[in-house]
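Visitor: My questions concern the predicted model and sequence given below.
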Amino acid sequence: MKPITVLVSVDSNSILLGAKEFLKYLNELIREHNLDTIVEVLETGTIGNYNGVTIAIMPDNVYYSVNTQEDVLKIFEEHILKGRKVLELEIDKEKVLNLTTEELPKEYKIVTRNIGKINPKNIDEYIARDGYFALAKALQMKPEEIIDEIKNSGLRGRGGAGFPTGLKWEFTFKTPADQKYIVCNADEGEPGTYKDRLIMEGDPHSVIEAMVIAGYAVGATKGYIYIRGEYYGSVENLRKAIKDAYEYGFLGSNILNSNFSFDLYIRLGAGAYVCGEETALLESLEGHAGRPRLKPPYPPQSGLFEKPTVINNVETLANIPPIILKGADWFKSMGTESSPGTKVFCFAGNLSNRGIVELPMGVKVKDLLALSGGVAGGNTLKMVQTGGIAGTFISTDKLEVPLDYDSFAKYGVSLGSGVILGVNDKHCVVDIALNVMKFFKHESCGKCTPCREGTKIAVAILEKMSKFEGTENDLEELIEIANVAKNTALCGLGQSFSVPLLSLIENFKNEFLEHIEKKVCSANICKKVEKTKKKAKLAK
C-alpha cells in the first residue's frame, strides 16, 4: 500500500458542516486498521466551496465532498483501503480549486497561495513554501528601498478604500517619532465578506511576516492585530503562529540578527461595524468607544496613542511577502494598469457555490457569476451586489463591467471588499433597501447627524413604502438623505450607506414606483397592513 496524505479542510465554515467530527472519525478508522505509518491526516485551510466538507486524497489528487460519517467511511473503505474512487462523492478538482475553462479568467493565487496547501498551525510548513524568506530579504534592504518597491508595485488597500499602500508607508516613514505602530485591521465587519477570516485561518504567518516587514520599513517596533472577537478560529491560529514566530526568531528582539526588534499583540474587538473605519478602530484599541476621529490628522501622522501608525487590512498585508520576493514588475504583470495584482472575491447570497476565488483585477462581474455556478435552485438572477453591504446593487445589464478601483467612477459599480452577492427574482427591492438601512441604522455610532438621523428617517420612509403608504415625495427624500450623507457624514462608513440606497433607486426605480403608485409588490414580500377601526363604546 502506497503512502497516502489526506487533507481535511478545517475552517470556520467547514466546521459548521462537521469538519472536526469527520477528522476525528477518520483518525479513529486509521488507528483501528493500524495504518498510522502509511496514512497521514492533516488539517488545512479552506479548499474551494462550501457545499460540503472537502477532503483531498494525495498524491492521487482526488477531491471529495463529505456531508456525513457514512461518506467518510465509504472514502476510507473504498479509496484508502482499496484504491478505488468513490465516484458519487468525487468533485471536479478544477471546480473546487476554482480553476476555470479557457473562456473564463484563470485564478492566480498570491494572497491565497498557501491556503489549503499547508497546516496553518505548523510554522515549518510555511517556511517550506518560502515563508519568512521575504522578511530575510527585506532586512538586507534599506527601508526606503522596501517602500519604493511597494510603491512601484501599485498595491492599493484591499479593504475597499483603495489607498496606495506604498504612500501610506512612506508618509509614516517620513513622520519623526520616538514610537511608531503597525496595525492590522482584521475586523472585517462587512456582511457577506469572509475572505480575511479564511486567510487568517489558513495562512496566519503571511500576515505576521508582512507586519514585521512593514515595521522595519517605517521604523515601527510594535504591532497590533485588531480582530473580531467571534473569529475564534482565526484568533487561535494567529496566537499559535505568533508564539511560534517568537520561538523561531521572526518576532522579538534582534530579528534574524538584524538589530531590528518587533513585538506583536492581538486585541479583540466587540463586533461593531464602525470599528472597521481606521480611526474608530484606533479609538477602540486605546480603550475608548469606537467612534471615528476628525481627519486630518491622518494615522500616518497621528494614529495609535497619537503616534505615526500604518493601518493595513489582512488581504493587503498578505500581498507584501510575494511582492518583496518577486518584485514590483511581477506584481504589475497581473490586473490592470491602475489596479495591478489580484483580488479575493467572496460568493454569497443566492449563488450555487460558496467560497472564495482569487482573480486578477479587472475581472468581469459575469465571469465571477459563472465561477460561482450561477443562481441556485434554477431561479432567475435579479441583481448583484458588489463590494459588500456598502456596495452597489446592479441590474443584469451591467454584468459586463470589469471590477477594479476605477469601476465605480466609470460605471457606478463598486469593487469594495470583494463580495459578489447574487439576488434572485424572489426578492423585493424595497424590502432589500429596508433591511440594508436597518443595518446601517443599528450600526451607526451616532456621532454625526447625517448618519445618525439620516438612517432613522430612511428606515421610516422605507417601512411606509413596504406597507404601500409611501409617496413620490418620500422617494425624492430618500435620494436627498443619501446625497447629504455622502457629502457630509463624518467618516467613510457614514457616507457609505448612500451607495447601496442610491444604486437601488437608480437601477430599480420602477419597483419603488410600483409600491407607491400601484400598491403592489411583484415579489409578494411586502404586505398591506389592514387598518381596523375600533367601535367606540357609548356610555349609557
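Guide: Looks like it arrived, so ask away. Residues are numbered from 1 along each chain as shown.
Visitor: OK, contacts around the residue lying closest to Val365 once chain neighbours are set aside?
Guide: Spatial nearest neighbour of Val365, excluding adjacent residues (C-beta to C-beta, 6 or more residues apart in numbering): Leu399 at 4.7 Å. (Each C-beta comes from the backbone N, C-alpha and C, glycine too.) Leu399 sits next to Lys364, Val365, Lys366, Leu369, Val384 when contact means C-beta atoms under 8 Å, 6 or more residues apart in numbering.
Visitor: ok, residues contacting stretch 147-155?
Guide: Under C-beta under 8 Å, 6+ apart, the answer for stretch 147-155 is 164-167, 169-170, 173, 217-218, 316, 319-320, 323-324, 327-329, 331-332, 338-341.
Visitor: mind redoing it with 10 Å?
Guide: With C-beta atoms under 10 Å, 6 or more residues apart in numbering as the test, stretch 147-155 has contacts from 138, 141-142, 164-174, 213-214, 217-218, 312, 316, 319-320, 322-324, 326-332, 335-341, 361.
Visitor: With stretch 133-140 instead?
Guide: 127, 145-146, 149, 206, 208-214, 216-217, 245, 250, 255-260, 262, 320-326.
Visitor: buried set for that stretch?
Guide: By neighbour count, with 16 or more other C-beta atoms under 10 Å as the criterion, the buried positions of stretch 133-140 are Ala134, Leu135, Ala138, Leu139.
Visitor: What distance do you get for the last one to Leu238?
Guide: Leu139 is 22 Å from Leu238, where distance means C-beta to C-beta, to the nearest Å.
Visitor: For the spatially closest residue to Ala270 that is not a sequence neighbour, grab the count of nearby residues.
Guide: Closest residue to Ala270 apart from its sequence neighbours, by C-beta to C-beta, 6+ apart: Gly229 at 6.1 Å. Residues within reach of Gly229, counting by other C-beta atoms under 10 Å, total 11.
Visitor: try the one 10 residues further on
Guide: One way to gauge burial is a neighbour count; for Arg239, by other C-beta under 10 Å, it gives 13.
Visitor: Does it belong to a helix, a strand or coil?
Guide: helix (DSSP: H, G, I helix; E, B strand; the rest coil).
Visitor: Just the pLDDT at the residue lying closest to it once chain neighbours are set aside, thanks.
Guide: Leaving aside its sequence neighbours, Arg239 sits nearest to Ile266 (C-beta to C-beta, 6+ apart; 6.4 Å). Ile266 is assigned 98 on the pLDDT scale.
Visitor: Let me see the contact set for Arg228.
Guide: Per C-beta under 10 Å, 6+ apart, neighbours of Arg228: 186-189, 196-197, 234-235, 268-272, 275-276.
Visitor: try Val419
Guide: Contacts for Val419 (C-beta under 10 Å, 6+ apart) come out as 160, 190-195, 345-349, 384-391.
Visitor: now, which of those lie within helices?
Guide: Using DSSP state H, the subset of the contacts of Val419 located in helices is Lys195.
Visitor: Just the contacts of Val419: which are in strands?
Guide: Under the assignment DSSP state E, the contacts of Val419 contribute Phe345, Cys346, Phe347, Ala348, Gly349, Val384, Gln385, Thr386 to strands.
Visitor: show me where this structure has strands.
Guide: 4-9, 39-44, 53-58, 62-66, 90-91, 181-186, 222-228, 263-269, 309-313, 342-349, 355-360, 381-386, 392-395, 419-424.
Visitor: Report the rounded mean pLDDT for the fourth one.
Guide: The average of the pLDDT scores along strand 62-66 is 91.
Visitor: Now do it: which elements does it pack against?
Guide: In terms of contacts (3 or more C-beta pairs under 10 Å, 6 or more residues apart in numbering; DSSP states H and E), strand 62-66 is packed against strand 4-9, helix 19-32, strand 53-58, helix 69-75, strand 90-91, helix 93-96.
Visitor: what angle sits between it and strand 53-58?
Guide: Interaxial angle, strand 62-66 versus strand 53-58 (axes from the mean of the first three to the mean of the last three C-alpha atoms, to 10 degrees): 160 degrees.
Visitor: my guess is Gly355 contacts Cys346, does it?
Guide: Yes: between Gly355 and Cys346 there is a contact at 7.8 Å, judged by C-beta atoms under 10 Å.
Visitor: Residues that sit against both of the two, list them.
Guide: Residues touching both Gly355 and Cys346 by C-beta under 10 Å, 6+ apart: Tyr194, Lys195, Leu198, Ser372.
Visitor: Please look at Asp425 and Gly377 and confirm they touch.
Guide: No: counting by C-beta under 10 Å, Asp425 does not reach Gly377; the two are 11.1 Å apart.
Visitor: Which of the two has more residues huddled nearby?
Guide: Asp425 (14 against 8).
Visitor: Which residues are in contact with the more buried one?
Guide: Asn350, Val375, Asn379, Thr380, Leu381, Lys382, Met383, Ser522, Ala523.
Visitor: export those to CSV and tack on pLDDT, neighbour count and distance to Lys117?
Guide: Below are the contacts of Asp425 laid out as CSV (pLDDT from 0 to 100; neighbours: other C-beta atoms under 10 Å; distance: C-beta to C-beta, whole Å):
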residue, pLDDT, neighbour count, distance to Lys117
Asn350, 94, 20, 31
Val375, 92, 19, 31
Asn379, 91, 15, 35
Thr380, 95, 10, 38
Leu381, 96, 17, 33
Lys382, 97, 22, 37
Met383, 97, 23, 36
Ser522, 93, 14, 47
Ala523, 93, 17, 43
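Visitor: Which one of those residues is nearest to Val66?
Guide: Nearest to Val66 among the contacts of Asp425: Asn350, at 24.2 Å, using C-beta to C-beta.
Visitor: May I have the predicted confidence score for Lys537?
Guide: 45.
Visitor: residues in contact with Leu415?
Guide: When contacts are counted by C-beta under 10 Å, 6+ apart, Leu415 touches 156, 158, 160, 162, 339, 343, 345, 361, 386-388, 391-392, 402-408.
Visitor: State the distance from Asn524 to Phe508.
Guide: In terms of C-beta to C-beta, Asn524 sits 16 Å off from Phe508.
Visitor: go on, Lys519?
Guide: In terms of C-beta to C-beta, Lys519 sits 17 Å off from Phe508.
Visitor: Which one of the two is surrounded by more residues?
Guide: Per other C-beta under 10 Å, whichever of Lys519 and Phe508 has more neighbours is Phe508, with 21 against 13.
Visitor: Wait, the more buried one touches Lys382, no?
Guide: Yes: with contact defined as C-beta under 10 Å, Phe508 reaches Lys382; the gap is 8.7 Å.
Visitor: burial of His442, as a residue count?
Guide: His442 has 10 neighbours, counted by other C-beta under 10 Å.
Visitor: what's the pLDDT at it?
Guide: We have a pLDDT of 96 for His442.
Visitor: likewise the one 5 residues further on?
Guide: You'll see Lys447 listed with a pLDDT of 94.
Visitor: Next: Lys93.
Guide: Lys93 is given a pLDDT of 51.
Visitor: same question, Val419
Guide: Per-residue confidence at Val419 stands at 95 (pLDDT).
Visitor: Could you do Ala433 as well?
Guide: 97.
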